[in-house]
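**Student:** got a sequence here, can you model it:
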Amino acid sequence: MGTLAPAAAGVLASIVAGILGGYAGGLAAQPTQITAGEISVFFADYYSKATSPADRQLARARLSPGLRALANNTVEEFDRFWSGYAKAVVDEVTPVGPNTFAIGATYTTGSGKMLTRNIVASFVCDRTVALSFLPCPPESVMLDATKVLD
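**Tutor:** Numbering: from 1, shown residues only. Now for the predicted structure:
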């Protein structure tokens, strides 16, 4: 019986590892769903940093690598765009698809003029371990694509 227990333990460990490996593999294959609440938190942080010259590059770091790589989204272009605004706030976040949201925002220029913008934005969860059943940590949400509607 002494030799059977280690063998049984090894078989059991293999079975459990196989089940957990398959389960985790299935989870990793699914994209993490990002909630409207997480997007509200994202934009509060993003807009605060984007409108602050000292923190602007921290905001740019919240863009996905693909979005940062676009020719019209260089460090200089990002800085030039955001230097025109003193403040930006999210007024409304509405889910329109998986990790895609309609965003209503108000931008305030340096001269105090307020502009309303309606944007459709897609997001990704950028983290080492993508477990789709867990919420995306706020620091892992990245803006992946945007389209200004007005």
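**Student:** measure S52 to T74 for me?
**Tutor:** Distance of S52 to T74, given as C-beta to C-beta, to the nearest Å: 19 Å. Yep, even glycine has a C-beta here, placed from its N, CA and C like the rest.
**Student:** what segments of this structure are helices?
**Tutor:** For the chain, the helices defined by DSSP state H cover 4-29, 36-50, 56-60, 65-68, 75-82.
**Student:** worst average pLDDT in those?
**Tutor:** Set side by side, these give their lowest mean pLDDT on helix 4-29, at a mean of 40.
**Student:** how about stretch 91-109: buried residues?
**Tutor:** Using 16 or more other C-beta atoms under 10 Å as the test for burial, stretch 91-109 gives V93, N99, F101, A102, I103, A105, Y107.
**Student:** which pLDDT value belongs to the closest residue to the fourth one other than its chain neighbours?
**Tutor:** What it means is A102. Sequence neighbours aside, T94 is the residue nearest to A102 in space, at 4.5 Å (criterion: C-beta to C-beta, 6 or more residues apart in numbering). With respect to pLDDT, T94 scores 95.
**Student:** what do you get for the one 10 residues further on?
**Tutor:** pLDDT, the model's per-residue confidence, is 95 for G104.
**Student:** you'd agree it is up against V120?
**Tutor:** No. Between G104 and V120 there is no contact under C-beta atoms under 8 Å: 10.9 Å.
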